[in-house]
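Trainee: coordinates only, no sequence provided:
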């Protein structure tokens, strides 16, 4: 199984709502990532979890709050978002975080629209 | 910070034409290199990767890439494109001692039947 799953596929939320994005992988990968992608742009790294601990936060606003309940799951909690946060949110995983050529496996993403 | 540049932002080709997409990076040390493809409405998929060894690597769907260390380049090639190759293509670089993917700006390829 080389699949990363993400739910929901689409999400529309108001600026005062609280919602969560979910990501799951069963490949035994120990590193998981959240990216934000705007149309026709490369993914922008938001967070990295390595062995269930947050190892990188790319200066992401606090209205985005990641959580890694266990080695297979990754959540992204959303609160008080702005319209400019509308984007495709991608989850990825890799065998390990460090270099050595570990490829990242990407999920299909959650298309988020903030109204 | 590392940078990865893809010179071709939008490429339009007819079917059966040959393809070469450029990727250059700025990092003096050992790197791992990747090409990802994103078909319309689909998730990012790995086309090919280079870690070490033969600098000419072959990937899925007839794609190949050549790592030229002296030029800091990892260009993607395909001898004959098909309409189904229409997609966004992203080059990514990971320093061997690092832990972060650095993506290029992407190239949008449109293949005309």
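Mentor: On my side now, so go ahead. Since the structure is predicted, the reported quantities are computational estimates derived from the model, not experimental observations.
Trainee: could you check the pLDDT of residue 97?
Mentor: Picking chain A for this. At residue A:97, the model reports a pLDDT of 69.
Trainee: actually chain B
Mentor: The model's pLDDT for residue B:97 equals 74.
Trainee: roughly how far does it sit from residue A:8?
Mentor: Distance of residue B:97 to residue A:8, computed by Cβ to Cβ, to the nearest Å: 37 Å. Just so you know, the C-beta spots here come from the backbone N, C-alpha and C atoms, and that holds for glycine as well.
Trainee: ok, residue B:32 next?
Mentor: In terms of Cβ to Cβ, residue B:32 sits 33 Å off from residue A:8.
Trainee: repeat that for residue A:82.
Mentor: Counting by Cβ to Cβ, the gap from residue A:82 to residue A:8 is 20 Å.
Trainee: quick one on the thing from earlier: more crowded one of residue B:32 and residue A:8?
Mentor: Neighbours were counted for residue B:32 and for residue A:8 using other Cβ atoms under 10 Å in any protein chain shown; residue B:32 has more, 20 against 13.
Trainee: residues in contact with the helix or strand containing that one?
Mentor: In this structure, residue B:32 sits in strand B:31-38 according to DSSP states H and E. With contact meaning Cβ atoms under 8 Å, 6 or more residues apart in numbering or on different chains, strand B:31-38 is reached by A:99-101, A:103, A:106, B:23, B:25, B:44-51, B:59, B:63, B:65, B:67, B:74, B:76, B:87-96, B:101.
Trainee: restricted to buried residues, select those in ChimeraX.
Mentor: In ChimeraX syntax, the buried subset of the contacts of strand B:31-38 is picked out as below (16 or more other Cβ atoms under 10 Å in any protein chain shown):
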select /A:99,101,103,106 /B:23,25,44,46,47,48,49,50,51,59,63,65,67,74,76,87,88,89,90,91,92,93,94,95,101
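Trainee: flag the shaky bits of chain A, pLDDT-wise.
Mentor: For chain A, the stretches with pLDDT under 70 are A:1-2, A:97-101.
Trainee: what do you get if the cut-off is 90, keeping everything else the same?
Mentor: A:1-2, A:39-40, A:50, A:55-59, A:95-103 (pLDDT under 90).
Trainee: and if you look at chain B?
Mentor: B:1-3, B:7-8, B:27-31, B:41-43, B:51-52, B:94-102.
Trainee: who does the strand holding residue B:32 pair up with?
Mentor: Paired with strand B:31-38 in the same sheet, following DSSP bridges, are strand B:45-50 (antiparallel), strand B:87-95 (antiparallel).
Trainee: okay if I get those strands as JSON lines plus distance to residue A:65?
Mentor: As requested, these are exported to JSON lines (distance: least, Cβ to Cβ, whole Å):
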{"stretch": "strand B:45-50", "distance to residue A:65": "29"}
{"stretch": "strand B:87-95", "distance to residue A:65": "26"}
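Trainee: ok, and the closest non-adjacent residue to residue B:35?
Mentor: The shortest distance from residue B:35 to any non-neighbouring residue, by Cβ to Cβ, 6 or more residues apart in numbering or on different chains, is to residue B:47 (4.4 Å).
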